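>>> after the sequence you'll find the predicted model.
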Amino acid sequence: MDALLIEGKMTSPAIDFQAGKTLRITGRSIPEHPVKFYQPVDEWLAKYILTQPHNLELFIHLDYLNTHSTECVLILFKKLEAYNKQTVNRVKVTWGFDEDDEDMQILGEDLSTMVEVPFDIVEIKG
């Protein structure tokens with residue numbers, strides 16, 4: 001399966017989705033059209049889930065995301081939740097937040113309550 005690699009910009013996060021590796025979304029997510037930005041990410045994840053990977057981990061470390069981006073990320077989490085419920089394979093979300101960024105920590109905690117997926121919230125130092 002081809003990788004999905006999108007370079008991060010000032011308003012959109014970097015996407016590094018490669019089969020067999022931790023899927024990564026990093027940077028800042030305030031694109032003008034979040035649904036349009038996240039559509040290929042959503043489609044790639046849906047196709048990847050069809051391959052029934054044994055380990056599927058999504059790592060997200062954003063310094064900020066707007067409301068519409070949050071909704072798009074939650075859609076990705078819901079896909080992982082559905083896969084997690086139908087398989088014995090390992091699914092995990094890791095939400096990273098910068099040290100002392102209480103808002104992003106709280107957002108991660110809130111999102112973790114909205115899905116039934118193993119969910120780690122980790123402080124990123126430095």
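Thanks, I have the structure now. Numbering: from 1, shown residues only.

>>> give the buried residues for whichever helix in the chain runs longest.
Of all the segments of type helix in the chain, defined by DSSP state H, the longest one is helix 67-86. Using 16 or more other Cβ atoms under 10 Å as the test for burial, helix 67-86 gives 68-70, 72-73, 76-77, 79-81, 83-84. The C-beta positions use only the backbone N, C-alpha and C, and glycine is treated the same way.

>>> tell me what the helix or strand following that helix is packed against?
Tracing the chain C-terminally past helix 67-86 and defining elements by DSSP states H and E, one meets strand 90-98 next. Counting contacts by 3 or more Cβ pairs under 8 Å, 6 or more residues apart in numbering; DSSP states H and E, strand 90-98 is packed against strand 55-65, helix 67-86, helix 102-112, strand 119-124.

>>> pick out whichever of the buried residues of helix 67-86 sits closest to D100.
For the buried residues of helix 67-86, the residue nearest D100 by Cβ to Cβ is T70; the value is 20.6 Å.

>>> wait, the closest one sits on G108?
No: under the criterion of Cβ atoms under 8 Å, T70 makes no contact with G108, lying 10.7 Å away.

>>> give me the beta-bridge partners of I25?
I15, I60 (DSSP bridges).
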